[in-house]
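Novice: pasting a predicted model and its sequence here:
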Amino acid sequence: MPDLLVEHHGVPVLVCDAGGAPIATEQDALDHLIGAAFAEPVELIAVPAERFDASFYDLSSGLAGAILQKFSSYRLRLAVVGDISRHLGASSALPDLVREANRGRDVWFVADLDELVARLSA
């Protein structure tokens, strides 16, 4: 399935394909996620959790911080969609990041697209 542009509760969302290019570097995020957003009027990019390299979930690598900063710089919102429980269990810092991110409006970690749509309706 290719990336799909949808609108939920007035928010244009680019739903990325799970089979798309892996995101293992900051440049990958720019090329495959943020770059794709400029082809369409997008406010939020929903990325399947499995597209991110394991280093994204290891906060000591700095990859998550760099990618989240890029999204902020380009005024885009990010939703990481899917089960990240194995990464949460392997880290003491990641659960704190997820909890804090989910309190805001710019970065969310959600279990599935239904949860994302529900959050957008609030």
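Specialist: Arrived safely, thanks for sending.

Novice: helices of the chain, start to end?
Specialist: 26-29, 35-37, 54-57, 63-73, 85-89, 94-103, 113-121 (DSSP state H).

Novice: out of those helices, which is closest to His8?
Specialist: Nearest of these to His8, taken as CB to CB: helix 113-121 at 4.7 Å. Glycine gets a C-beta too; all of them are placed from N, C-alpha and C.

Novice: show me what the helix or strand bottoming out on mean pLDDT in the chain is packed up against.
Specialist: Using mean pLDDT, DSSP states H and E, helix 35-37 stands out as the lowest-scoring helix or strand of the chain, at a mean of 88. If contacts are counted by 3 or more CB pairs under 8 Å, 6 or more residues apart in numbering; DSSP states H and E, helix 35-37 sits against no helix or strand.

Novice: residues in contact with it?
Specialist: Among residues not part of helix 35-37, those counted as contacts by CB atoms under 8 Å, 6 or more residues apart in numbering are 3, 14, 16, 42, 45, 74, 76.
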